[in-house]
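[1] what follows is a predicted protein model with its sequence.
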Amino acid sequence: MTAIDLSSNSLHGTLPCELTSLSELRSVDLSDNLLSGSLGFTGRSWPVTLVKLDLAHNLLGAGTAMDVGTMPILEYLDLSANNGGT
């Protein structure tokens, strides 16, 4: 699987850590949902193949830092309009 687009689906809960095991993943769009929690994963990172990551318009907070340095070919990152606090 190289792309996941679940935008505008009223998804709620935290970011699924299973996304980190999809080693060929290039594009993730989970924008316009009700996802909460932190932007990163404890002890895991996003796939290095990721080119696009759209998490805009959710309820995500900054809790766990997201290391964009582990995504060397990332071209598009949208974290706008997240109001989850810290």
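    Perfect, I can see it now. Treat the numbers as computed from the prediction; the structure is a model and nothing was measured. Numbering: from 1, shown residues only.

[2] CA only for contacts and neighbour counts going forward, please
    OK.

[3] test my guess that His79 contacts Asp54.
    Residue 79: Leu, not His. Yes. The pair Leu79 and Asp54 passes the contact test of CA atoms under 8 Å, sitting 6.6 Å apart.

[4] let me see the contact set for the closest residue to Val51 other than its chain neighbours.
    In this structure, Val51 finds its nearest non-sequential neighbour in Leu74, 4.1 Å apart by CA to CA, 6 or more residues apart in numbering. Going by CA atoms under 8 Å, 6 or more residues apart in numbering, Leu74 touches 49-53, 68.

[5] who has more neighbours, Leu79 and Asp54?
    Asp54 (18 against 15; other CA atoms under 10 Å).

[6] what helix or strand is the residue nearest to Val51 located in?
    According to DSSP states H and E, Leu74 maps onto no helix or strand at all.

[7] state the phi and psi torsions of Gly69.
    Per-residue torsions, Gly69: phi -70, psi -20 (degrees, to the nearest 10).

[8] max-length strand in this protein?
    For the chain, the strand with the greatest residue count under DSSP state E is strand 34-38.

[9] measure the residue most central in space within the chain to Leu77 for me?
    The centre of the chain sits closest to Leu55, judged by CA atoms, centre = their mean, with a distance of 5.3 Å. To Leu77, Leu55 is 8 Å away according to CA to CA, to the nearest Å.

[10] for stretch 30-38, the distance to its chain's centre please.
    8 Å (CA atoms, centre = their mean, to the nearest Å).

[11] residues touching the nearest residue to Ser23 once chain neighbours are set aside, list them.
    Leaving aside its chain neighbours, Ser23 sits nearest to Pro47 (5.6 Å; criterion: CA to CA, 6+ apart). Counting by CA under 8 Å, 6+ apart, Pro47 touches 19-25, 70-71.
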